[in-house]
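Novice: I'd like to go over a predicted model; first the sequence, then the structure.
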Amino acid sequence: VSAAPGFATISFLSDFGLDDVFVGVCHGVLARLAPAARVIDLTHAVEPGDVRQGAALLARAVPHLPVAVHLAVVDPGVGTARRGVVVSTGRGDALVGPDNGLLPPAGDALGGVTGAWELAGGDRPPASATFHGRDVFAPAAAAVAGGAAPASLGPRIAGLDRLRPAHLRVDAGGRRVDAEVVLIDRFGNLQLAAAPAHVPVLGVRPGDAVEVSVDGRRWEAAYVRTFGDLAPGGLGLYEDSDGQLALAVNAGSAAELVGAARGAVVTIRAGRSGGGRLQVGDSGGPR
Amino acid sequence: VSAAPGFATISFLSDFGLDDVFVGVCHGVLARLAPAARVIDLTHAVEPGDVRQGAALLARAVPHLPVAVHLAVVDPGVGTARRGVVVSTGRGDALVGPDNGLLPPAGDALGGVTGAWELAGGDRPPASATFHGRDVFAPAAAAVAGGAAPASLGPRIAGLDRLRPAHLRVDAGGRRVDAEVVLIDRFGNLQLAAAPAHVPVLGVRPGDAVEVSVDGRRWEAAYVRTFGDLAPGGLGLYEDSDGQLALAVNAGSAAELVGAARGAVVTIRAGRSGGGRLQVGDSGGPR
Amino acid sequence: VSAAPGFATISFLSDFGLDDVFVGVCHGVLARLAPAARVIDLTHAVEPGDVRQGAALLARAVPHLPVAVHLAVVDPGVGTARRGVVVSTGRGDALVGPDNGLLPPAGDALGGVTGAWELAGGDRPPASATFHGRDVFAPAAAAVAGGAAPASLGPRIAGLDRLRPAHLRVDAGGRRVDAEVVLIDRFGNLQLAAAPAHVPVLGVRPGDAVEVSVDGRRWEAAYVRTFGDLAPGGLGLYEDSDGQLALAVNAGSAAELVGAARGAVVTIRAGRSGGGRLQVGDSGGPR
């Protein structure tokens, strides 16, 4: 996709927050070492050390970006023996970060991981023990953006560390889907580890009632296309902008209503009316 | 102002927050479709769905920017029948966002709204039902930045939805001004829907005492030029950097002192001393 | 370093926060007046009016950036008689901001302050009384980025206001170091006003136990290289990425454990075992 070697764009995701100067310092390093690259911040609000959340957010974002170097740093093991890596993808992107599970879902979302190389350090100045974003990963991302081949950064490695997959159980006989909450956004929408392709198992169609349960607590919801199809305060199951199933409350927060955190498992079944149209008053929640 | 068709700058305001990757994804779309444009983030901390706050912040910011495409997304009606629009202004800017009242105050601040066109979709890929920032508005903003005429995006429309104006009542006989709190900033300053031009009605001059009341509670304040003209903890009425009247506490928060939220109405009268100089001890608050 | 006059990069630090449009407006001014410059945000989350925190963060960040104009605005005295200044440094950078102590530590970190000029205003339009970031400092930073000599902005001044130095007392006889907490980061790490060069006074080597005390409360800690050298929940003293001594808790927050705020004084002595190796169970805290 990029005719010249290298990349015009570097994306950047971390758990550094914006209250310190960590992000600004990494931007400074990128500006020094890759002055021609445009840097796009994805987010820096990953919970400190939460590799799982970082991996989900990164995978969600990268397909919408230009082919780029994606620099990602959520690195609770900084300074220990965990490796730094650069990863190539089927679409032509490069991913740079720690080998702790953060990168592979993004690689999968970009046409698959096609290669991985350890960041061996080479003749770089010695890195600090606690800020590899600045001292190891940003310089490596800048080098790749400038045209360096991944293989020039270190030896090829056979496999990457991967996180356990998010919980998903599709029970066709029982007409239920159990799916982990993968992400919760600012609006309180709960993204699930299930897709619209799993809905037929439930025997419901758009507009139908569904039952949502978490830890034995139950809510009636509607399977809808968008928030505005719900009454204010109404709970809905819908296909979100990533193509995943998600729960939302119109003009409210599904996370607050359901009280579920990331990692909780949500069970979805057909609604009380057995899959019929949602009746007025059928939908639970604070309406 | 721009000799070549199109715009070198895209500004971007939303209620997406910075904790998710929504903003980063929109930056990615802009980088793909308008790689030459510089993107300036105005803020993404508009309260979720608060069109009124978003409109006030957008109108406050745009006059200080270069002539640009201003992309603004605060869109509680996403996926419903509300229209997306591109708006042209007297200064030569373009505004892109939902037709829900968000854009007109910014248009007014840029020399007036001179035209409006519906974003009709054309041959774009089908949009998600819940993320038009990514699928509709950012692509439209990128197209306009790249030189597309607004009329090429959809049919011209006659008028835009507008929010009710902020409350302002100037009572010359009663020597009082009642004005809505339009914005509250990080420092706790309360921007009012009144301007220095309304002060003569009160019969006060700079340095004079004024009385501020909200919901029956009253404070003595001073009409001053800047925070440093107040004793620490002192309440002041002043012309803010937007040319509006505002309330501030020196080295403190007027919002905390007065306990008023956006939308509250503040009444201002001459101070107890009838417009004379502020006496030591006259000024209320926690000093 | 820059062959052409002027600077390709402007860094920007403030206490404006990201919830208002102050930062976006300043970016707009920079884009209008210095369209060719790249702007790097260091942070805008300095506590409102906290010049001391702003100065520490700025000094921490600038050595890692390209030679640049560094625009910094933490300015509780806006609109009063305090001066605005542009400062030149030994490395070739320029610093622009209020003369209230914010800039000198950054100048020291950039090879020393080599000159300072007052921003005299010249023929600029009259500034607001409350937003000199927009009306005075950003325009001056843009002018310097565009090649204006500092001396063209106003008269040379003899000295800059400086903050009191952070407290540091190294007691070789008593084998203790007392050092002020200078910065606390998102991860709860406490950066101290002491450096590894002060450790020999304590008589400890890497891996040894040290005793940390604040206001009479005491904790056992280990002198380590990185977080991963500690058990989860263990308290460590280490050299941070700025080359300063700092306290951290592995997978936790030293700020929470120790309960110290910026400005508190931490005392460090050799551990109970008199400088011997850290014993299992020796390390305090919530492990």
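Specialist: Cool, the structure landed.
Novice: Three-state assignment for residue A:248, please.
Specialist: strand (DSSP: H, G, I helix; E, B strand; the rest coil).
Novice: Now do the same for residue A:163: its pLDDT.
Specialist: Confidence at residue A:163, expressed as pLDDT, is 97.
Novice: what number of residues lie near residue A:26?
Specialist: The number of residues packed near residue A:26 is 30, by other CB atoms under 10 Å in any protein chain shown. (Each C-beta comes from the backbone N, C-alpha and C, glycine too.)
Novice: For the host helix or strand of it, what is the distance to the chain centroid?
Specialist: For residue A:26, the element it lies in under DSSP states H and E is helix A:22-33. Remark: helix A:22-33 is offset 24 Å from the chain centroid, using CA atoms, centre = their mean, to the nearest Å.
Novice: Same question for stretch A:204-217.
Specialist: The answer for stretch A:204-217 is 25 Å, by CA atoms, centre = their mean.
Novice: Any buried residues in that stretch, and which?
Specialist: By neighbour count with 16 or more other CB atoms under 10 Å in any protein chain shown, stretch A:204-217 contains the buried residues A:204, A:208, A:209, A:210, A:211, A:212, A:213, A:214.
Novice: For the third one, name its beta-bridge partners.
Specialist: Right, the one you point to is residue A:209. Per DSSP bridges, the residues bridged to residue A:209 are residue A:222.
Novice: Residue A:116 too?
Specialist: Applying DSSP bridges, one finds that residue A:116 bridges with residue A:87.
Novice: then the helix or strand where residue A:95 lies to PDB, C-alphas only?
Specialist: Here residue A:95 sits within strand A:94-98, counting by DSSP H and E. What follows is strand A:94-98 as a C-alpha-only set of coordinates in PDB (Å, rounded to 0.1, in the frame of the first residue of the first chain):
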ATOM      1  CA  ALA A  94       3.500  -3.000  11.600                       C
ATOM      2  CA  LEU A  95       2.700  -3.300  15.300                       C
ATOM      3  CA  VAL A  96       5.300  -2.400  17.900                       C
ATOM      4  CA  GLY A  97       5.000  -3.100  21.700                       C
ATOM      5  CA  PRO A  98       5.600  -5.600  24.400                       C
END
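Novice: Adjacent strands (with direction) for it?
Specialist: Paired strands of strand A:94-98, defined by DSSP bridges, are strand A:69-73 (parallel), strand A:84-89 (antiparallel).
Novice: State the mean pLDDT of the helix or strand just after the helix holding residue A:26.
Specialist: Next helix or strand after helix A:22-33 toward the C-terminus (DSSP H and E): strand A:38-43. Mean pLDDT, strand A:38-43: 98.
Novice: Could you confirm whether strand A:38-43 reaches chain B?
Specialist: Yes. Against chain B, strand A:38-43 shows contacts by CB under 8 Å from any CB of the partner chain at A:38, A:40, A:41, A:42, A:43.
Novice: and the helix holding residue A:26 with chain B, contact?
Specialist: No. Applying CB under 8 Å from any CB, one finds helix A:22-33 out of contact with chain B, separated by at least 10.8 Å.
Novice: Give me the three-state assignment for residue A:60.
Specialist: Under three-state DSSP, residue A:60 comes out as helix.
Novice: for it, what are its contacts?
Specialist: A:109, A:183, A:242, B:21, B:25 (CB atoms under 8 Å, 6 or more residues apart in numbering or on different chains).
Novice: Report pLDDT for residue A:122.
Specialist: Taking residue A:122 on its own, its pLDDT is 57.
Novice: To clarify, my last question referred to residue A:195.
Specialist: On the pLDDT scale, residue A:195 is placed at 96.
Novice: now swap in residue A:85 and tell me
Specialist: Listed pLDDT for residue A:85 reads 97.
Novice: Not counting its neighbours along the chain, what's nearest it?
Specialist: Leaving aside its sequence neighbours, residue A:85 sits nearest to residue A:99 (CB to CB, 6 or more residues apart in numbering or on different chains; 4.5 Å).
Novice: Number of residues surrounding the one you found?
Specialist: Residue A:99 sits with 21 neighbouring residues when counted by other CB under 10 Å.
Novice: Let me see the backbone angles for it.
Specialist: Note on residue A:99: its backbone torsions stand at phi -90, psi 70 [degrees, to the nearest 10].
Novice: Kindly report the same for residue A:142.
Specialist: Note on residue A:142: its backbone torsions stand at phi -60, psi -40 [degrees, to the nearest 10].
Novice: show me the contacts for residue A:107.
Specialist: With CB under 8 Å, 6+ apart, residue A:107 has these contacts: A:87, A:89, A:95, A:113, A:160.
Novice: rerun that using 10 Å as the cut-off
Specialist: Residues counted as contacts of residue A:107 (CB atoms under 10 Å, 6 or more residues apart in numbering or on different chains) are A:58-59, A:62, A:70, A:87-91, A:93-95, A:113-116, A:160.
Novice: Point me to the residue of chain A nearest chain C.
Specialist: Using CB to the nearest CB, the closest approach of chain A to chain C is made by residue A:79 at 2.8 Å.
Novice: mind listing the helices for the stretch 151-287 of chain A?
Specialist: All helices of the stretch 151-287 of chain A, identified by DSSP state H, counting those that start in this stretch, fall at A:254-258.
Novice: got the residues of it near chain B?
Specialist: Contact residues, the stretch 151-287 of chain A versus chain B (CB under 10 Å from any CB of the partner chain): A:183-189, A:224-229, A:232, A:238-243, A:246, A:248, A:250-253.
Novice: Apply the buried test to those residues and list what passes.
Specialist: Buried subset of those (neighbour count, 16+ other CB under 10 Å): A:183-189, A:224-229, A:238-242, A:246, A:248, A:250-253.
Novice: Filter these down to the ones in strands?
Specialist: Among those, the members falling in strands (DSSP state E) are A:183, A:184, A:238, A:239, A:246, A:248.
Novice: tell me the contacts of the nearest residue to the last one once chain neighbours are set aside?
Specialist: The one in question is residue A:248. In this structure, residue A:248 finds its nearest non-sequential neighbour in residue A:189, 4.6 Å apart by CB to CB, 6+ apart. Residue A:189 makes contacts with A:183, A:227, A:236, A:238, A:240-241, A:246-249, A:253-255, B:20, B:130, as judged by CB under 10 Å, 6+ apart.
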